[in-house]
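Engineer: Below are the sequence and a predicted model for it; my questions follow.
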Amino acid sequence: MDHPKVGAVMVVGGGVAGIQAALDLADSGFFVYLVENSPAIGGVMAKLDKTFPTNDCSMCILSPKLVESGRHGNIELITNAEVESVRGSAGNFTVGLRIKPRFVNIEKCVGCGVCAEKCPVKVPDRFNEGLGDRKAIYTKYAQAVPSAYVIDPEHCLYLTKGLDKGKDVCKLCVKHCASQAIDFEQGEQFIAKMVGAIILGTGLETFNPTGFINYGYGTYPNVMTSIEFERMLSASGPTSGHLERPSDGGRPKKIAWIQCVGSRDVAKSGNAYCSSVCCTYALKEAIVAREHAHGELDAAIFHMDMRTFGKDFERYLERARYEFGVRLVRSRIYELQEGEHNELIIRYAQLNGEVKTETFDLVVLSVGMVPGKQNQVLANKLGIGLNKYGFSQYPNFNPVSTTREGIYACGAFQGPMDIPRTVMHASAAAGYAATILAGARNTLTKPVVKPTQKDVAGQAPRVGVFVCRCGINIGAVVDVPDVAGYARELPGVVHVEDCLFACSQDNQSKIRELIESKNLNRIVVASCTPRTHEPMFRQTLREAGLNPYLFEMANIREHCSWVHAGNNEAATQKAKVLVKRAVSRVVLQQQLYEIDLGVEQAALVVGGGVAGMNCALDLAQQGIQVYLLEKKAELGGLTRRVHLTMDRRNVKGYLESLIDAVESNPLIQVYRKAEIQDVRGFVGNFDTTFTAAGQTHVINHGVAVIAIGGRQYQPVEYLYGQDPGVITSLDLEEMLADRSPALRAADNIVMIQCVGSRDIERPYCSRVCCSESVKNAIKLKENWPNLNVYVLYRDMRTYGFFEGLYKKARNIGVMFIKYTMDEKPLVERVPKKDGLALRVTVKDHILGRPLQIETDFVALATAIIAPEDGERIAKLFKVPRNSEGFFLEAHIKLRPVDFTTDGVFLCGLAHAPKLIDESIAQGKAAATRAMTVLASKNLVAGGVVSAIDGERCSGCRICVGLCPYSAISFNEVLKVAEINQVLCKGCGVCTSACPTTACNTSNFSDEIIMAEIEALCT
Amino acid sequence: MAKLNLALYWAAACGGCDVAVLDVNEKILDIAAVANIVLWPVALDHKYADVAKMAPGSIDLCLFNGAIRNSENEQIARMLREKSQVLVAFGSCAISGGIPALANLKDRDDILRRVYLETPSTVNPDGVLPQTGCPTPVGDLHLPEFYDFVYSLDQVVEVDYYVPGCPPTPQRIWEVVQAVVSGNLPPRGATVGALDKSLCDECQRVKRDKKIKRFYRSHEIITDPELCLLEQGLLCMGPVTRGGCGTQCINANMPCRGCYGPLPGVTDQGAKYLSSIGAIMDARTPEEVDEIMQGIVDPAGTFYRFGMSTSLLKGAVKQ
Amino acid sequence: MSRRITIDPITRLEGHGKIEIFLNDAGAVDDVYFQIPELRGFEKFCEGRPVEELPRIVSRICGV
Amino acid sequence: MVDFEPKIIGFLCNWCSYAGADLAGVSRLQYPANLRVVRVMCSGRVDPTFVFKALSQGADGVLIAGCHPGDCHYTEGNYNTLKRYPLMMQMLEQFGVERERVRMEWISAAEGTIYADVVREFTETIRQLGPYKRRLVKGRDQVG
């Protein structure tokens, strides 16, 4: 590429995938255009009530990222926009965008919602799957980002009936909009943006089951899709979380979920893949539904295989079954009948063949994932190929690449995947973009300007109070002038303003000007919630040269006017008390400073497997010095024993090329037979001592990545180790690769699944064994067609596109026999003519009678277990592990490769069992996340943090061990506890636990909170 | 240099503080050498009337111990305040109500009924309760009024210095006397005769990490004399109490009960201790917490053993 | 005229006390009252306290 | 005592319950104006001293609200609240404070309706209970 690289990236699609990729890139020195075709970012995840496997509330964990990307200096949100054309090549693209008019000026609109109240037109709300309705002028959902409203051109009276006839029809919104944000002159815009790379994350659509007439979706009112049920569960949904039967609004007593609607189905939908998420989300919906009904609900899930293969998903299945009483019925439901009160009758065959009928109040169709409608249109415009199902995933060792260089894909655009894997792929895609644009880092990003700050320490407080009307949102209920008058009398207050919109741009300049002219050293804004507006006001204080922490808000909107609308007198009194609290707090607040810390531009990668090597390569290609430590004598880890991927790609060849690339990269220093002795320091400044080949080294590095992989379970059951015929699937793969004669001579081979997985000691699924066994079975049948291959399984978990392999195996005669935990197969050695032979006895689930197979080989699908030195590494880096010994990430969905301890990252089997492609993606994701620390050149820490006064600490150690971020350590020499302010997140738990007030959290001290209480009580 | 007029008085107390002053043993002579004791009911025979006649401020130093429980306590407290240059709240009762203030958990009438009517050894057929006034053929008799609340000294009169402890240890008393004699006293309102760090700073026991699986009542466990008592599951209030007592109770293998009062900046010793204890319980589920709670039977009576009067809630009030 | 002698407080013992001596006109003792004004209520506030803590509480009945 | 207007103090954790209260506002759910909010970064920061301080300063009821166990933004902060609450309630009972006056709730950022219900229900409970009679230590001059 001769032309210079553009230091910007376009991310298409504003769901959780696009948001994660955008934030990672924006935090590591690239400008990002986040293009979303709907009026607000958030994607499908914004529609979810809770998310598995932790039952976190979806909005709780998504909204911080929404707000952050909404106001990130290096991200430009372009909503209501679609990609029209793309020209150029990797490093230098020109993308044409078509922006549909919003008819509302985003800058001016403050999201007060008055227009929506006045708008006469009601429209079925697609966000709530049509269950509720919205107005013609609306926001996509309550916490939408951007929060500006948008007018629906198909339903707005003026736009449909007035505009072209030049008549002023309706226009109530214009009349009532206090900040003149409505702008009907807006037309369609075409703009072009220059970017270096493009990331596609336009996500999924749920399968529309109308075609399944036998399920009666669309005709039987009490049949709904899982996404509609999700909206019904959601507290901010149409029924605000109450379970209601659509037919009569009554409370459902019995709900059935039908799995695999539009997935694993060739006949009707042609979607022969498994959508990977429906089993687990059905469990979640059943659990949450039972919680909403306080247990008085019979929840049954009709399924073929229960595919909970992700990290902690198996435990979730067990909890659903035993703790939450969800009924799991293994039966493929063909059709639904409707009784005369709209109840639904299901006739199904049980395992033992007996036919049963049950009636349910509600049936939820667990619809699968299909590619977004525009994905095909977008792919054509970008010139990238999609597979036969319309997804972009295709067999190669670059899991997030597309068929065109410089364009990457992540999330459901690639293929059906859950949110943790989506977020990993988003970070990986950001990593690819960053590597090809490494030279152009920090070229287009806006530098963070820090004006000089005047020191007001010691001055008597001079408080400026700004009481906001927020148009009529506050003003209509709270008597703002009365509150302003009251505020004038409060001690320390020298100036009070009564403003229409405190957050508007012109009011920011008024605040700056008043700080100057009135020499104010404290600011109180009485308006809305600090959660969304505090950062903005703090920025205003910074620009006015005042320490941003000398600021406090009184929430007189969400916590006052909006919730006491009918009681103006009480709301006004309460507003006064809330302002009094804010003033009594702000006068005690001190100036806080953020500490800039240098970040050593070097990374330590522990573990030289596929994940570790990919991470090291990505970092090195972005100019970072990498130290790669491998415990064994050679690189490669467990992958050395694998020959082919599921779709027959040569793993050995890939591994060799990967090892060459690592060894030949000048910035990567590889240390074999390395063992870490000691790790000190913290994010940006670690010092690690290790020995390698007899020498001791001490290196300084800014970040650390743990990629120490996993181990293969050594079976003790099924005569493993006592009979040469009993081997593991990896042994079998080896023999297959060498076309070993013993195999050629064999008549029967029996594979047994879940050996060491999904049992009491290891209650997790090792994810890869089902696909591995199917791969081997197909290769066996292709080599030797008349060889009998049996697979004894509990649940066949060939997720995603591997479902095709499972189908192919069945077609070419591989026999699958289901066994249950309490009737495991029996492997014995029985006398045969010239010695002993292996015999496997298993109960056939269809015949219900034991089946005896004399076999030449028994191939055990053994579990992947945690790395053996996991505990030692965990202690060295002070990072947690889960009960099974795998490492515990900061957040299973939103930060899957970070630890709660900053600066330490995680990838590969050490996180959880996964396929080679997934380890590659996670390795690259870890590199990207590490770059957000390394690229910032200086880390900002501090602000609201805790500190311990060494003079007053008595060494009682009550606080030591309380901190999840290991920020508190004990100084054995001085016999006092100390807090590392870089790691401290300011939660204040140590301050509340400290018995002597030696520990204090700045601006959340006991003194301040007591003052607040006093102000609120008197 | 003229002798120091010294007064020692006891309100609702047990006399332990006065005996503690005697425990300075031979140094009592040094005190006698520099001080002229004008009131010390436990040891000397001065009468209230004598003190009443004294000019205001003529007492240089008054060591006032005991809580204010009845009107006589209050009356004498006000008189001594008026007569004294430096009024010292001496010992836990004067500073924060002490053991007598445990009565604030009970109702005034229940106390009288229990003491004068219900106790097995009481013979009081006609159920006579003490009255403030009692006419007799020869004249009226008066008794002080029994208040429904036990006050600390500074809730009644202004106090110049606080010397905590139940009782304050002799060495600390000697230090206070010397400080007064030499005149180098910290600003008024300060606590003297105690440290600004908690007992843990003084305590020689080995401390490892505070993760408590179970709490024990003191008779339920034989404690290891080397190890921190709290870490062994005893509710030792050392961490939340001022040092200065030489960890006497802990040295006797008994958990500290917080008589030296809270550290500077702590508003309520009992609530603060509860906050610390809650943080170091090793529990994740409500069931586990209930399990651990079995070992804590009387939080109010234990965590406010000496500080009920100055606690935030002050006592039990019938709602 | 009958006289009344009050010894308040009585000293050199634990606790508070007051003696009121009433003399008749001849100066002889007509009647004497010995009054104990002190009450703290250990009998009541010890209720509800753990038995093993009692020795550390009731020791404050008298510290002399 | 039904015309008495209770004064209630609510300690809300910034990440979940405060956000839930915001959502109740955004969704215009109506509830009585008796509860006044103190925002803390984590419910684990709420020291029982604050609850006693509120009661002693004139509050008739106190609410402590945090993230559901497992949801905590700081991973484990709310477990401290879970551990302190029963011990504090046992002590409050000894001080004669009725159990219903101090309440702990787990409220997530999406549970605006639950927050509004809790405030409505809690205000009514306290209204029925009547004002909290606190021990007033009158000024130094009129003791007794």
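Structural biologist: Yep, it's here.

Engineer: burial measure for the one residue in the stretch 801-950 of chain A that gets nearest to chain B, as a count.
Structural biologist: When scored by CB to the nearest CB, the stretch 801-950 of chain A has residue A:949 as its residue closest to chain B, at 9.9 Å. C-beta coordinates here come from the backbone N, C-alpha and C atoms, glycine included. Neighbours of residue A:949 under the rule other CB atoms under 10 Å in any protein chain shown: 14.

Engineer: Leaving out chain neighbours, which residue sits closest to it?
Structural biologist: In this structure, residue A:949 finds its nearest non-sequential neighbour in residue A:998, 5.0 Å apart by CB to CB, 6 or more residues apart in numbering or on different chains.

Engineer: Specify the local secondary structure of residue 33.
Structural biologist: Using chain A. strand (DSSP: H, G, I helix; E, B strand; the rest coil).

Engineer: That was the other one, I meant chain C.
Structural biologist: Assignment for residue C:33 (three-state DSSP): strand.

Engineer: coming back round to it: OK, contacts around the residue nearest to residue A:949?
Structural biologist: Shown in contact with residue A:998 (CB atoms under 8 Å, 6 or more residues apart in numbering or on different chains): A:948, A:949, A:951, A:952, A:953, A:954, B:263.

Engineer: can you rerun that using 6 Å?
Structural biologist: A:948, A:949, A:952, A:953 (CB atoms under 6 Å, 6 or more residues apart in numbering or on different chains).

Engineer: ranges for the helices of chain C?
Structural biologist: Here chain C has its helices, by DSSP state H, at C:42-45, C:54-58.

Engineer: Quick check: beta-bridge partners of residue B:5?
Structural biologist: The partner list for residue B:5 in beta bridges (DSSP bridges) reads residue B:36.

Engineer: surely it meets residue B:57?
Structural biologist: No: taking contacts as CB atoms under 6 Å, residue B:5 lies outside contact range of residue B:57: 9.7 Å.

Engineer: So what's the residue count around the residue lying closest to residue B:170 once chain neighbours are set aside?
Structural biologist: Using CB to CB, 6+ apart and skipping residues adjacent in sequence, the residue nearest residue B:170 is residue B:23, 4.2 Å away. Neighbour count for residue B:23, taken as other CB under 10 Å: 17.

Engineer: do the one 3 residues further on as well
Structural biologist: The number of residues packed near residue B:26 is 6, by other CB under 10 Å.

Engineer: starting at the chain centroid, how far to the helix or strand where residue A:790 lies?
Structural biologist: In this structure, residue A:790 is located in strand A:788-793 according to DSSP states H and E. With CA atoms, centre = their mean, to the nearest Å as the basis, strand A:788-793 stands 37 Å off its chain's centre.

Engineer: Return the list of strands paired to it, each annotated with direction.
Structural biologist: Short version: by DSSP bridges, strand A:788-793 pairs with strand A:748-755 (parallel), strand A:815-818 (parallel).

Engineer: what stretches of the chain score poorly on pLDDT?
Structural biologist: You didn't say which chain, so I picked chain A. A:1-3, A:60, A:448-449, A:471, A:505, A:937-938 (pLDDT under 70).

Engineer: meant chain D actually
Structural biologist: Across chain D (using pLDDT under 70), the flagged ranges come out as D:1-2, D:138-144.
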